[in-house]
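Student: the sequence and its predicted three-dimensional model are supplied below.
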Amino acid sequence: MPVNELRLLHGFQLRHENVAVTVPTNVQRLLAFLALRSRPQHRTTLAGCLWVDSTEERAAANMRTALWRARRIDGDLVSVRGNYVQIGSEVRVDLHEMMNAARHLAEPGGGGQTEATPDQFADDLLPEWYDDWVLLERERLRQLRLHSLEALCVQLTRAGRLALAIDAGVTAVACEPLRESAQRALIEAHLAEGNVSEAVRQYDSYRALLRESLRIEPSTALRDLVRPCR
């Protein structure tokens, strides 16, 4: 197990040697921002993004304080080289693991071989944070999560791993009930398992939701998928 584990999905948590650590708010924001960036961040850019309402001098001072506090928790949490700062190379980040799993799913046949589970893609990024840089990244990752869950559902269905496929489909639909591609993946998994009644029930529920929310009907392709079951 890594010494430090940073969790950003579902909420912020830092674990040191598998024990939860109390982290000051300014250090939380610093670690989260660095973990979301794939490259080292210049001190000026970092301070300006995290303390947008402060003067340049005050923002720089706030950043120095946050770095000092982070190092007091553990010297390996952040890496500072000259004017550049980045998350420590040995810090395990759940978001990075989720993105690696998503990239693997995007490869041909990746879903049938992957050890990824629907739970990896079930949670939002820092759901109770409302900084602009978090909101933008959260929406981007929401789309990545949805595509990953759909791909996982489809590829596991083809591989005959139907229980996991249905779990992935249900998770995708829960994330975005109006998304037809997620509904279709789940319905196809039910049909592959031979549960015609479940497939029809899912379609009827989706159709009613569309009518109530948007006053539209499912696509012809989705209707054709369940028509032989009637």
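Tutor: Perfect, I can see it now.

Student: per-domain residue ranges of the chain.
Tutor: Following automatic domain parsing, one finds the domains of the chain at 4-90, 108-229.

Student: nearest spatial neighbour of residue 106, chain-adjacent residues omitted?
Tutor: By the measure of C-beta to C-beta, 6 or more residues apart in numbering, the closest residue to residue 106 outside its immediate chain neighbours is residue 151, 6.9 Å from it. To be clear about C-beta, it is placed using only N, CA and C from the backbone, and glycine gets the same treatment.

Student: quick one: distance of the helix or strand hosting that neighbour to the chain centre.
Tutor: Per DSSP states H and E: residue 151 is located in helix 132-158. When distances are taken as C-alpha atoms, centre = their mean, to the nearest Å, helix 132-158 is centred 6 Å away from the chain's centroid.

Student: how about a markdown table for the domains of the chain, with distance to residue 98, mean neighbour count and mean pLDDT added?
Tutor: As requested, the domains of the chain are arranged in a markdown table below (distance: least, C-beta to C-beta, whole Å; neighbours: other C-beta atoms under 10 Å; pLDDT from 0 to 100):
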| stretch | distance to residue 98 | mean neighbour count | mean pLDDT |
| --- | --- | --- | --- |
| domain 4-90 | 7 | 16 | 95 |
| domain 108-229 | 5 | 17 | 93 |
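
Student: switch these over to CSV; also include distance to residue 101.
Tutor: Below are these laid out as CSV (distance: least, C-beta to C-beta, whole Å):
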stretch, distance to residue 101
domain 4-90, 12
domain 108-229, 4
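
Student: can you check the pLDDT for residue 1?
Tutor: Per-residue pLDDT puts residue 1 at 59.

Student: start at 10, not 1
Tutor: Will do, 10 is the new start, and the previous item becomes residue 10.

Student: got the residue ranges for the helices in this structure?
Tutor: 34-45, 52-59, 65-82, 103-115, 119-122, 141-167, 171-184, 189-201, 205-222, 229-235 (DSSP state H).

Student: can you lay out those as TSV showing distance to residue 17?
Tutor: Compiled in TSV, the helices of the chain are given as follows (distance: least, C-beta to C-beta, whole Å):
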stretch	distance to residue 17
helix 34-45	6
helix 52-59	15
helix 65-82	15
helix 103-115	5
helix 119-122	23
helix 141-167	9
helix 171-184	17
helix 189-201	23
helix 205-222	30
helix 229-235	35
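
Student: which of those helices sits closest to residue 88?
Tutor: Of all those, the one in closest proximity to residue 88, counting by C-beta to C-beta, is helix 34-45 (9.1 Å).

Student: and the angle for that closest one with helix 103-115?
Tutor: 20 degrees (axes from the mean of the first three to the mean of the last three C-alpha atoms, to 10 degrees).
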